[in-house]
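Student: Predicted model and sequence follow; I will ask about them next.
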Amino acid sequence: MQQGPGKDDALEAIDNADASLRQLSIQIHDHPELGYEEHFAHKTLTDYLEQQGFQVTRQACDISTAFIAEYENQGSGSAVDEPIRSVGFCSEYDALPSIGHGCGHNLIAISGVAAALGVKAAMEKNNIRGKVRLLGTPAEETLGGKRPMLERGAFNGLDACMMVHPAQFDVLYRQPLGVGRFDFEFHGKASHASASPWEGINALDAVCMTYNAIGLFRQQTLPTNRIHSIVTNGGQAANIIPELASMTTLYRANKNEDLLKLHDQIAEIAKSSAEASGCTLNIKEPMQYSPLNNNPPLADRFGEYMKSFGVRYNSREVDETTPAGSTDMGNVTVALPGIHPVFNIASLDGEREPGLTTHSALFAERAGTEVAHKATIRAAKGLSLTALDVLLDAEFAKSIREEFERSKPKIL
């Protein structure tokens, strides 16, 4: 484990806050809220952070459930002549419809809080020059709060930003896919389905053609791509030719160029279906997340700390081919250096629980357990120590930036 001033202070601070962090987690777990509706979580977290001495901005970036909590120390002596370095963490706290915290965002919420507490304590007790910023980022499961916060400057000035995510296994080089969303709305003409169907234009036909064409198209896409759709409006009654029908499609890829190609291909399918059925088409694109751009120096340093705590990882090659979902943290990591490792909430020894997967009722249940809490605290300690290295080690910070500049993809 890397040595340096403040490391023991950071770990001690996190341990001292353990009981209150557990209470925070359970409060959010037992009060699930959907994206951009996380008012209880927002108040609970911001009140706690203010009590811990952070400068808190509520409703940050004109988003009612976003927040920013900061602590800055100017240091003393020769350090004041150096540029001040800043590290950030992300907390998420939105839930899923029907199953609550089936993605464990109550745990992500406290992981960011705990990491920030550790860094703040180390800075205070050792007069470490730097800034730590915790970003409360809502609506990850739906429209993605990080993207507007990024566009509105919430991440400006950070040398690195990190977060962890609960899962059914421990993966250091997790590779979430980029994702885009289409909301297709087809407009036809209503008519009696028996007396005068020839007078109608069937909007549901356009939805069916689009859905089926996408299904056939999958055979010609890369194995790393994903496409999935639902029908959101199939008509009003069986005896009425539907004048309005709609569907939502998500498409994913692990490279920006593949994501953009899928975007154009799926849009063309929908337009062709509208033309073939005689409908008009309205397209909305409310969400687009970039593929995650892991920063190897950051990931490797975090991995060193986690291994010292007893966590075992597969090789990077295995990690990067493990199936994954998507996250708006991808947008952050193409704008500045960052990581998004995941941790096992069912076992501290790395054992996988059969049948456990995110976005399930079982995962929501496990996200409230003591084992999940302990795993979260352990991961938060890894984040905190890695962040301290960014503040304390100029060469490490330089290597992070150089690798980012070398490998960053184009921003979508």
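Tutor: Done, it's in.
Student: Every contact and neighbour count from this point should use C-alpha atoms.
Tutor: OK.
Student: Next, the distance between the ends of stretch 156-164.
Tutor: Using Cα to Cα, to the nearest Å, the end-to-end distance of stretch 156-164 comes to 20 Å.
Student: Touching that stretch from outside, list them.
Tutor: 85-91, 108, 111-112, 150, 332-333, 336-343, 379-380, 383, 390, 397, 401 (Cα atoms under 8 Å, 6 or more residues apart in numbering).
Student: Just the buried ones out of those, please.
Tutor: Buried residues within the contacts of stretch 156-164, counting neighbours by 16 or more other Cα atoms under 10 Å: 85-91, 108, 111-112, 332-333, 336-343, 379-380, 383, 390, 397, 401.
Student: Show me the residues you listed that map onto strands.
Tutor: Judged by DSSP state E, the subset of the buried ones among the contacts of stretch 156-164 located in strands is 86-91, 338-339, 342-343.
Student: for the residues you listed, which one is nearest residue 237?
Tutor: For these, the residue nearest residue 237 by Cα to Cα is residue 91; the value is 43.9 Å.
Student: Give me the nearest residue to that closest one, chain neighbours excluded.
Tutor: Spatial nearest neighbour of residue 91, excluding adjacent residues (Cα to Cα, 6 or more residues apart in numbering): residue 109 at 4.3 Å.
Student: So that neighbour is in contact with residue 93, correct?
Tutor: Yes - using Cα atoms under 8 Å, residue 109 is in contact with residue 93, at 5.6 Å.
Student: quick one: contacts for residue 177?
Tutor: Contacts of residue 177 were listed using Cα under 8 Å, 6+ apart, and they are 252-255, 290-292, 324-327.
Student: how about 10 Å then?
Tutor: 224-226, 251-256, 259, 289-293, 323-328, 330 (Cα atoms under 10 Å, 6 or more residues apart in numbering).
Student: Next: residue 296.
Tutor: Residue 296 neighbours (Cα under 10 Å, 6+ apart): 173, 302, 316, 337-339, 399-400, 403-404.
Student: and those residues, which are buried?
Tutor: Neighbour-count burial (16+ other Cα under 10 Å) applied to these gives 173, 302, 337-339, 399-400, 403-404.
Student: now the residues you listed as TSV including distance to residue 200 and pLDDT?
Tutor: Below are these laid out as TSV (distance: Cα to Cα, whole Å; pLDDT from 0 to 100):
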residue	distance to residue 200	pLDDT
173	53	95
302	61	98
337	54	98
338	53	97
339	53	98
399	64	97
400	61	98
403	59	96
404	56	96
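Student: Look at the closest residue to residue 168 other than its chain neighbours and say how many residues are nearby.
Tutor: Closest residue to residue 168 apart from its sequence neighbours, by Cα to Cα, 6+ apart: residue 344 at 4.8 Å. Other residues near residue 344 number 24, with proximity taken as other Cα atoms under 10 Å.
Student: Could you report the pLDDT at residue 344?
Tutor: With respect to pLDDT, residue 344 scores 97.
Student: can you check residue 143 too?
Tutor: We have a pLDDT of 89 for residue 143.
Student: Over to residue 409?
Tutor: The score at residue 409 is 77. That number is its pLDDT.
Student: Neighbours of it, how many?
Tutor: For residue 409, using other Cα under 10 Å, the count is 18.
Student: Buried residues of the lowest-mean-pLDDT helix or strand in the chain, list them for me.
Tutor: Least confident element among the helices and strands of the chain, by mean pLDDT, DSSP states H and E: helix 316-320 (a mean of 89). Neighbour-count burial for helix 316-320, counted by 16+ other Cα under 10 Å, picks out 319-320.
Student: got a list of contacts for that helix?
Tutor: The contact list for helix 316-320, computed with Cα under 10 Å, 6+ apart, reads 170-176, 254, 296, 300, 313-314, 341.
Student: at 8 Å what do you get?
Tutor: Helix 316-320 is contacted by residues 171-175 when judged by Cα under 8 Å, 6+ apart.
Student: Filter those down to the ones in helices?
Tutor: Of the contacts of helix 316-320, none are assigned to helices by DSSP state H.
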